[in-house]
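Asker: I need the structure of the sequence given here:
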Amino acid sequence: MNLPYSSSHLGRLLRFLICGSSAAMLNVGLAYIGVSLLGFRSDLQENYVNFAAMEVSLVYSFFVYRAFVWKDKTTSPSRILLRQLPLYHGSAAAAVLTRILLFAILQTVGLYYLLNILIGIVAGASLNYALTNRYVFGGFLDKRDI
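Answerer: Coordinates of the predicted model:
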């Protein structure tokens, strides 16, 4: 019986969720600091805080994913910097754009900003995992990585 996901794939997905949760906590924590503690409370300011918190958690997540989720995909440091990091930013950009649009849409219906961010994190993480697994570390563009 062929299952669509191997146990190694499920392990990778579990590690992704654990590492992604730490990035999400960082994201929400930074947003809370910006809005609740520093007082950036207008709609525009909340959007700036959301963007800044996403960027910090994005850079953090690349290195955590590289170290713990796709650690079996060894490659040279130059390949990481010249290929994987740019591709990761591309996949993350799709997730970030999804999150920014979703945040603005949910903000118009009056959803509490932290719940709004959490919904965006789930949507963005799902897209980011699929793209990162396939294009960044999966060797889709370069068969030497498979």
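Asker: Report the contact partners of the residue positioned nearest the centre of the chain.
Answerer: By Cα atoms, centre = their mean, the chain has its centre lying nearest to A125, at 5.0 Å. Contacts for A125 (Cβ atoms under 8 Å, 6 or more residues apart in numbering) come out as 20, 24, 95. Quick note: C-beta positions are derived from backbone N, CA and C, even for glycine.
Asker: Does anything pack onto the helix or strand bottoming out on mean pLDDT in the chain? Which helices or strands?
Answerer: Across the helices and strands of the chain, mean confidence by mean pLDDT, DSSP states H and E is lowest for helix 77-79: a mean of 78. Contact analysis of helix 77-79 by 3 or more Cβ pairs under 8 Å, 6 or more residues apart in numbering; DSSP states H and E lists no helix or strand as a packing neighbour.
Asker: Now whichever helix or strand comes after that helix - C-alpha only, CSV.
Answerer: Counting by DSSP states H and E, the element after helix 77-79 in chain order, helix or strand, is helix 85-108. Listed next in CSV are the C-alpha coordinates belonging to helix 85-108 (Å, rounded to 0.1, in the frame of the first residue of the first chain):
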residue,chain,number,x,y,z
LEU,A,85,17.7,32.0,0.5
PRO,A,86,16.5,33.8,-2.5
LEU,A,87,14.0,31.0,-3.4
TYR,A,88,12.8,31.0,0.2
HIS,A,89,12.2,34.7,0.1
GLY,A,90,10.2,34.1,-3.1
SER,A,91,8.1,31.5,-1.4
ALA,A,92,7.8,33.5,1.7
ALA,A,93,6.8,36.6,-0.4
ALA,A,94,3.8,34.7,-1.7
ALA,A,95,2.9,33.8,1.9
VAL,A,96,3.5,37.4,3.1
LEU,A,97,1.4,38.9,0.3
THR,A,98,-1.4,36.5,1.2
ARG,A,99,-1.1,37.5,4.9
ILE,A,100,-1.1,41.2,4.1
LEU,A,101,-4.1,41.0,1.9
LEU,A,102,-5.9,38.7,4.4
PHE,A,103,-5.0,41.0,7.3
ALA,A,104,-6.5,44.0,5.5
ILE,A,105,-9.7,42.1,4.5
LEU,A,106,-10.2,40.8,8.0
GLN,A,107,-9.5,44.2,9.5
THR,A,108,-12.3,45.7,7.5
